[in-house]
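>>> okay, here's the prediction I keep looking at, along with the sequence it came from:
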Amino acid sequence: MSLISFPQLANLQSTHNDSEQRLILTGISWQQYEQLLDSLGDSATYRTSYLEGVLEIMSPSRRHEVTKENIGRLLEVYLEVAEIDFWGLGSTTLRVEEGQAGKEPDKCYCFETEKEFPDLAIEVIITSGNIYILKLYRRLGVKEVWLWENEQLHIYWLENDQYSLKEKSQLLPNLDLNLLCQFINHPNPRLAMKEFREQLIINNK
């Protein structure tokens, strides 16, 4: 199946600018979803989510991409300082046919050992979509989800097959989230990493 099979994508392409564009399609079979993924290949232009026949295709904005990279870099600084082994899986496609769920996270990580599905998924929400993010990640079995929305970081932990809001990360309980958030919108990413690392070292003394 070529992208021509989803003619609505042409509208996303033609209107793409620095704003975030979303396309919601219903009645999409799992086979159509997988064929679209094959057609897109490693394209960074689109981010897809699939849940029970509903397909969401997003063309992320510059602001979205800058923010998710900032969060990822700062988290990796912490993991380095804390000497925690990690595997960054980026926006790799996660999917479970039995659960009729598929997602490309903004960022995701495995800790301690590499696994098929990540321990942590991170999502930057600039504009809300129609697919329920937490319901989708529950189908994928991701233990912890971070949602960055309205300049705040919300931490959700999977327990008893439901996500509950937590004040701190259950996977990284020693991570000072307030300190992390102070640097996410820093105007200079290099200095943000440098100053964040310095604060972590001071706090660990």
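Received, thanks.
>>> after the helix or strand of the chain with the lowest mean pLDDT comes which helix or strand?
Using mean pLDDT, DSSP states H and E, helix 8-15 stands out as the lowest-scoring helix or strand of the chain, at a mean of 54. As assigned by DSSP states H and E, the chain's next helix or strand after helix 8-15 is strand 21-25.
>>> packing partners for that next one?
helix 8-15, strand 54-59 (3 or more Cβ pairs under 8 Å, 6 or more residues apart in numbering; DSSP states H and E). Every C-beta, even on glycine, is put in place using the N, C-alpha and C of the backbone.
>>> and Tyr78, what element?
helix 62-81.
>>> quick one, that helix and strand 54-59 angle?
90 degrees (axes from the mean of the first three to the mean of the last three Cα atoms, to 10 degrees).
>>> shouldn't Arg197 be in contact with Val81?
Yes. With contact defined as Cβ atoms under 8 Å, Arg197 reaches Val81; the gap is 6.2 Å.
>>> now do the one helix or strand Leu158 maps to: which elements does it pack against?
Using DSSP H and E, Leu158 sits within strand 152-159. Packing contacts for strand 152-159, counted by 3+ Cβ pairs under 8 Å, 6+ apart, involve helix 133-140, strand 144-149, strand 162-166, helix 177-184.
>>> how about the shortest one: buried residues?
Read that as strand 162-166. Tyr163 (16 or more other Cβ atoms under 10 Å).
>>> average pLDDT for that strand?
For strand 162-166, the mean per-residue pLDDT is 96.
>>> which residues touch that strand?
134, 137-138, 145, 154-157 (Cβ atoms under 8 Å, 6 or more residues apart in numbering).
>>> how distant is it from the center of its chain?
17 Å (Cα atoms, centre = their mean, to the nearest Å).
>>> paired strands for that strand, with orientation please.
strand 152-159 (antiparallel) (DSSP bridges).
>>> what angle do the strand it pairs with and helix 133-140 make?
30 degrees.
>>> please tell me how far strand 152-159 is from the chain's geometric centre.
That offset, for strand 152-159, works out to 13 Å (Cα atoms, centre = their mean).
>>> what residues of stretch 100-119 count as buried?
100-111, 117-119.
>>> so where's the chain uncertain?
Scanning the chain for pLDDT under 70 picks out 1-19, 43-44, 128-131.
>>> could I get the helices and strands packed on strand 152-159 in TSV, plus columns for distance to Val54?
As requested, those are exported to TSV (distance: least, Cβ to Cβ, whole Å):
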stretch	distance to Val54
helix 133-140	10
strand 144-149	19
strand 162-166	19
helix 177-184	30
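>>> quick check on Ile28: phi, psi?
phi -90, psi 130 (degrees, to the nearest 10).
>>> same check, this time on the one 4 residues further on
Summarising the backbone geometry of Gln32 under the convention degrees, to the nearest 10, its torsions are phi -60, psi -40.
>>> again with Val124
phi -100, psi 120.
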